[in-house]
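In: sharing a model that was predicted from the sequence below.
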Amino acid sequence: MSKLNVMDCAPVDVEILAYHKQGGNFHPVKLDRMGNARMRWHDQYSQHKSHYIGWIPMPEIEIVK
């Protein structure tokens, strides 16, 4: 099992999977320089990095046809 990375070390302007404290699940978000987390397909979604326990990189999947 992989450990979560610390939110203070999360990259900026790169989509990551962040583990939400209350929801207990991963959210695909991008952080801005102020620590705000946004979802690319949900304009109204706005959280702060303090709402998350930690993060992992967004997995890359090769699609084979």
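Out: Right, received. Where do you want to start? Residues are numbered from 1 along each chain as shown.
In: name the nearest residue to N25, ignoring sequence neighbours.
Out: Ranked by Cβ to Cβ, 6 or more residues apart in numbering and with sequence neighbours excluded, the top spatial neighbour of N25 is Y19, at 7.2 Å. To be clear about C-beta, it is placed using only N, CA and C from the backbone, and glycine gets the same treatment.
In: tell me which strands and helices the helix or strand containing the one you found is in contact with?
Out: Using DSSP states H and E, Y19 falls within strand 16-20. The helices and strands touching strand 16-20, judged by 3 or more Cβ pairs under 8 Å, 6 or more residues apart in numbering; DSSP states H and E, are strand 26-31, strand 52-57.
In: reformat the ones you listed as a markdown table; add mean neighbour count and mean pLDDT.
Out: As requested, those are arranged in a markdown table below (neighbours: other Cβ atoms under 10 Å; pLDDT from 0 to 100):
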| stretch | mean neighbour count | mean pLDDT |
| --- | --- | --- |
| strand 26-31 | 19 | 95 |
| strand 52-57 | 17 | 96 |
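In: dump those strands into TSV; add distance to C9 as well.
Out: Formatted as TSV, the helices and strands packed on strand 16-20 follow (distance: least, Cβ to Cβ, whole Å):
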stretch	distance to C9
strand 26-31	11
strand 52-57	8
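In: number of residues surrounding Y45?
Out: 12 (other Cβ atoms under 10 Å).
In: how much space between it and E62?
Out: 28 Å (Cβ to Cβ, to the nearest Å).
In: just the CA atoms of the helix or strand of the chain with the lowest mean pLDDT, as CSV, please.
Out: Across the helices and strands of the chain, mean pLDDT, DSSP states H and E gives its lowest value to strand 42-48, namely a mean of 89. C-alpha atoms of strand 42-48 as CSV (Å, rounded to 0.1, in the frame of the first residue of the first chain):
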residue,chain,number,x,y,z
HIS,A,42,-17.2,21.4,-11.8
ASP,A,43,-16.9,25.2,-11.9
GLN,A,44,-18.6,25.6,-8.5
TYR,A,45,-16.3,23.2,-6.6
SER,A,46,-13.9,25.0,-4.3
GLN,A,47,-12.1,23.5,-1.3
HIS,A,48,-8.8,24.2,0.3
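In: no more questions from me, cheers.
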